[in-house]
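1. can't give you the sequence, but here's the structure:
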């Protein structure tokens, strides 16, 4: 603890996001600005000095040598509380690790929200939820839905309140050109879409698996199967099982649950919207 505190922190901030108190600090103001960009979408500055999780970043560590010209690269470092989470010569890798760890921590510890790994869009006043973790193609499908006219809510989490409504988690979409490529961020507006602002009831849950050349011919399944599909992707399922199950019970009895294999994202998106009365 003392070793980390002695590293020299020039800038810091206490904040609150989804009811979780987070602290961030950095070795310079520019690094703090980059840390702010990694925060979850819904955050506010807090005056509380005590936080649940403290993130510390040392970045831009190149220094001039004695000749004043060449530069020695130093490692960029990320700490979560007093544990080193990342060490890299590439600052981008450290900030990516910061974003991933912070999002997961908030998703697991949010006291009044349940976070489900899912893509979310809205259509005609109802939310369409597509559960799935990274590399399952959910962002590709969400992108196609937004381009087809749906309102963007999230490509990472369905954030549910106690009434089972979905709240926006509208960070820019993280789109991969190919499975091995690094994703790039795109706003909903850049895709011709718009971002939702209000919590909505869930009208449709899409339990799907991508297969090359697959065709979207879903079958409607039970509320119980829908609950299991959501539960398998819920971050805090083990930490707060009673809260999670109570929340999901406010979702699945009132939503249609469709299950099937999907292939082309554009074709699947059009079919999903037609099933919503497009």
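-> Sure thing, it's come through. Just so it is clear, the model here is predicted, and its values are computed rather than measured.

2. all helices for the stretch 151-278 of the chain, in order.
-> With DSSP state H, counting those that start in this stretch as the definition, the stretch 151-278 of the chain shows helices at residue ranges 223-231, 241-248, 265-275.

3. Figure out how far the shortest one is from the centre of its chain.
-> Centroid separation between helix 241-248 and its chain, computed with CA atoms, centre = their mean, to the nearest Å, is 20 Å.

4. Any buried residues in stretch 251-265, and which?
-> If you call a residue buried by 16 or more other CB atoms under 10 Å, then stretch 251-265 has these buried ones: 251-252, 255-260, 262, 264-265. Placement of C-beta: from N, CA and C, glycine included.

5. again, but for stretch 118-127
-> Of the residues in stretch 118-127, 118-123, 126-127 count as buried by neighbour count, 16+ other CB under 10 Å.

6. Check stretch 185-194 too.
-> By neighbour count, with 16+ other CB under 10 Å as the criterion, the buried positions of stretch 185-194 are 186, 188, 191, 193.

7. In the protein, what helix or strand scores lowest on average pLDDT?
-> Comparing every helix and strand of the chain by mean pLDDT, DSSP states H and E singles out strand 63-64 as the least confident one, with a mean of 46.

8. Take the buried residues of stretch 118-127 and keep only those in strands.
-> The strands in this structure, assigned by DSSP state E, contain 118-123, 126-127 from the buried residues of stretch 118-127.

9. nearest to residue 215, of the residues you listed?
-> Minimum distance to residue 215 across those is 20.1 Å, recorded for residue 119 (CB to CB).

10. pretty sure that closest one is touching residue 136, no?
-> No - in this structure, residue 119 is not within contact of residue 136 by CB atoms under 8 Å, at 9.4 Å.

11. before we move on, the earlier item: which among the helices of the stretch 151-278 of the chain is found nearest to residue 37?
-> If we rank those by CB to CB, the stretch that ends up nearest is helix 265-275, at 27.7 Å.
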